[in-house]
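Q: Coordinates for the following, if possible.
(chains A and B)
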2 protein chains.
Amino acid sequence: MRAAYHEELESISNGLVDMANLVGSAMGRATGALLDTDLQLADSVIATEDQVDELQRDLENRAIAVLARQQPVATDLRVVVTSLRMSADLERCGVLAQHVATLARRRHPEHAVPKDLRRTILEMGQLAQRLMAQAAEVLITHDVDAARQLERDDDRMDELHRMIFHHLMDDRWHHGVETTVNVTLAGRYYERFADHAVSIARRVVYLVTGEHADEVATNSRVTT
Amino acid sequence: MRAAYHEELESISNGLVDMANLVGSAMGRATGALLDTDLQLADSVIATEDQVDELQRDLENRAIAVLARQQPVATDLRVVVTSLRMSADLERCGVLAQHVATLARRRHPEHAVPKDLRRTILEMGQLAQRLMAQAAEVLITHDVDAARQLERDDDRMDELHRMIFHHLMDDRWHHGVETTVNVTLAGRYYERFADHAVSIARRVVYLVTGEHADEVATNSRVTT
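A: Got it, this is the predicted structure:
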């Protein structure tokens, strides 16, 4: 009975890691699609959504089954409940990757991202993917230091996000309204994606240490 | 024991309704702040965040206590787990209201919303508040028809959101980049807020009927 129980808990944790890997690589591909206006790549990201959704439901059902059958208490209970919150974060990340892919589609055959912002968007895309890989690692290792490092690394995302806005507000910005809109949305998608990775890391820290990081602070730090 | 149990379940449900009312009126005030560039009103919305956060944690702790003490199964278990997901939706709505209020602050003393979009933003703000009031009602009544009506009413939000983009892309749009950015973000905040209300309604439908509405469809319907 106990062995089965721990297997079930572990399968929930594995499900989260699978989701994190899936949405991380979806965001990587979405960034490629956006920068190269690659429709096939964009479509492959959009197709990922069903997989993310399936993993999410599967995980939710397994969590509910564990709660019903094993009736965990104390830490185990917190782990299961927290997994449900994390899976919601990851599901949302899948949708954000899809949104980035859709931006690539919409301007085709034109580029959605102008040359002068290409490097910034590339860095945001790579950082998003890296933060999600760190989150997946933290889910496996429960390493509090790594979780806190992830949070510090996210500061760069906020900086990049601010840089985009400064760039847009610069007098030399000469692109049309559609590009302005697309860049605004892309910046927001990356920043939100990274925020979810931070949120996962913070939940792990809480499970391990019992210290509640101030989630509101993350959610509202960058409001643009 | 049973009476205490049902009281606990009810107090979780009441907590959700309180959160819905709080974030609904926060979004109403945020819209007022945005349209009238009213800083005091904007600050009052930003101050709401702590309350939302407190309600959310309180609700999460109560849900975990019920799971630990009462070990509910079947429908009751689904109700508690679903409440956790709903409280995450509502917490996010509080952040979105705060984002709208921050947009009002940022352009002060100028207007963040140009005259030609005032009516559209007003309608989005009112609709957002109304959808959240409907969601609160559905949480109380578990009325499936009302939940489905909410979903249909949200179509108007998607329409308004599209109208904003058409307006921005129109050759007659003559406002600066900052206004374009702000309007783009405002549109997205309202649309996301409404999506969370729809998501709550769908979860109620699922609890009552066992029919899973396709959540992915909601999340990705409007990608702009």
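Q: A:A186 and A:L103 touch, don't they?
A: Yes. At 5.7 Å, A:A186 counts as touching A:L103 under the criterion of C-beta atoms under 8 Å. Heads up, the C-betas are built off the backbone N, CA and C, glycines and all.
Q: Could you tell me which residues touch both of the two?
A: Listed as contacting both A:A186 and A:L103 by C-beta atoms under 8 Å, 6 or more residues apart in numbering or on different chains are A:34, A:112.
Q: which one of the two has more residues nearby?
A: A:A186 (25 against 22; other C-beta atoms under 10 Å in any protein chain shown).
Q: residues touching A:L131, list them.
A: A:150, A:153-154, A:157, A:193-194, A:197-198.
Q: Next: A:P109.
A: A:T37.
Q: ok, now A:T75?
A: By C-beta under 8 Å, 6+ apart, the neighbours of A:T75 are A:L207.
Q: try 10 Å
A: A:207-208, A:210 (C-beta atoms under 10 Å, 6 or more residues apart in numbering or on different chains).
Q: Now the buried members of the contacts of A:L131.
A: The neighbour count (16 or more other C-beta atoms under 10 Å in any protein chain shown) marks A:150, A:153-154, A:157, A:193-194, A:197-198 as buried among the contacts of A:L131.
Q: average pLDDT across stretch A:180-200?
A: Across stretch A:180-200, pLDDT averages out at 97.
Q: so, in contact with chain B or not, it?
A: Yes. Judged by C-beta under 10 Å from any C-beta of the partner chain, stretch A:180-200 and chain B are in contact via A:180-185, A:187-189, A:192.
Q: Quick check: ChimeraX command selecting the buried ones in those residues.
A: Per 16+ other C-beta under 10 Å, the buried members of those correspond to this ChimeraX selection:
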select /A:180,181,182,183,184,185,187,188,189,192
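Q: biggest separation within the residues of stretch A:180-200 next to chain B, which pair?
A: A:T180 and A:R192 (18.9 Å; C-beta to C-beta).
Q: tell me the strands in chain A, going along the chain?
A: In chain A, no segments count as strands under DSSP state E.
Q: Now do the end-to-end distance for stretch A:104-115.
A: Terminal residues of stretch A:104-115 are spaced 14 Å apart (C-alpha to C-alpha, to the nearest Å).
Q: Next, the buried residues of that stretch.
A: A:104-105, A:111-114.
Q: so who does A:A194 touch?
A: A:27, A:93, A:96, A:124, A:127-132, A:135, A:150, A:153-158, A:160-161, A:218, A:222.
Q: What separation do you get for it and A:L84?
A: 21 Å (C-beta to C-beta, to the nearest Å).
Q: and stretch A:92-108, anywhere near chain B?
A: Yes. Stretch A:92-108 reaches chain B (C-beta under 10 Å from any C-beta) through A:92, A:94-96, A:98-103, A:105-106.
Q: Tell me which of those fall in helices.
A: Counted as lying in helices by DSSP state H, out of those, are A:92, A:94-96, A:98-103, A:105-106.
Q: Export those residues as TSV, with columns for pLDDT.
A: Putting those into TSV (pLDDT from 0 to 100) gives the following:
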residue	pLDDT
A:R92	96
A:G94	97
A:V95	96
A:L96	97
A:Q98	97
A:H99	97
A:V100	97
A:A101	97
A:T102	96
A:L103	95
A:R105	91
A:R106	87
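Q: Of those residues, keep whichever come out buried.
A: Applying 16+ other C-beta under 10 Å to these flags A:92, A:94-96, A:98-103, A:105 as buried.
Q: from those, which is closest to A:V52?
A: A:G94 (3.5 Å).
Q: The closest one: what's it in contact with?
A: Taking C-beta under 10 Å, 6+ apart, one finds A:19, A:22-23, A:26-27, A:45, A:48-53, A:55-56, A:193, B:216, B:219-220 in contact with A:G94.
Q: Just the buried ones from the residues you listed?
A: Buried among the contacts of A:G94 by 16+ other C-beta under 10 Å: A:19, A:22-23, A:26-27, A:45, A:48-49, A:52-53, A:55-56, A:193, B:216, B:219-220.
Q: Tell me which of the residues you listed fall in helices.
A: Per DSSP H, those map to helices at A:19, A:22-23, A:26-27, A:45, A:48-49, A:52-53, A:55-56, A:193, B:216, B:219-220.
Q: just the residues you listed now: which is nearest B:A74?
A: A:Q56 (21.4 Å).
Q: how close does the closest one get to A:L16?
A: Taking C-beta to C-beta, one finds A:Q56 at 10 Å from A:L16.
Q: what sits in contact with each of these two?
A: With C-beta under 10 Å, 6+ apart as the test, A:Q56 and A:L16 both reach A:87, A:90.
Q: Contacts only, for the closest residue to A:G125 other than its chain neighbours.
A: Nearest non-adjacent residue to A:G125, counting by C-beta to C-beta, 6 or more residues apart in numbering or on different chains: A:T31, 2.8 Å away. By C-beta under 10 Å, 6+ apart, the residues touching A:T31 are A:41, A:45, A:97, A:100-101, A:104, A:113, A:121-126, A:128-129, A:186, A:190.
Q: now do A:I200
A: A:16, A:20, A:82, A:85-87, A:89-90, A:93, A:131-132, A:134-136, A:138-139, A:147, A:150.
Q: Relative to chain B, how far out is the closest residue in space to it that isn't next to it in sequence?
A: Spatially, and ignoring its direct neighbours in sequence, A:I200 is nearest to A:A135 (4.5 Å; C-beta to C-beta, 6+ apart). Distance of A:A135 to chain B, computed by C-beta to the nearest C-beta, to the nearest Å: 17 Å.
Q: same deal with A:D143?
A: 24 Å.
Q: how close does the nearest residue in space to A:A20 that is not next to it in sequence get to A:L16?
A: Sequence neighbours aside, A:A136 is the residue nearest to A:A20 in space, at 3.9 Å (criterion: C-beta to C-beta, 6+ apart). Counting by C-beta to C-beta, the gap from A:A136 to A:L16 is 8 Å.
Q: anything in contact with each of the two?
A: With C-beta under 10 Å, 6+ apart, A:A136 and A:L16 have common neighbours A:90, A:200.
Q: Let's have the buried residues of stretch A:104-115 in a markdown table, adding distance to A:Y5.
A: Output for those, formatted as a markdown table (distance: C-beta to C-beta, whole Å):
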| residue | distance to A:Y5 |
| --- | --- |
| A:A104 | 45 |
| A:R105 | 45 |
| A:H111 | 53 |
| A:A112 | 49 |
| A:V113 | 49 |
| A:P114 | 54 |
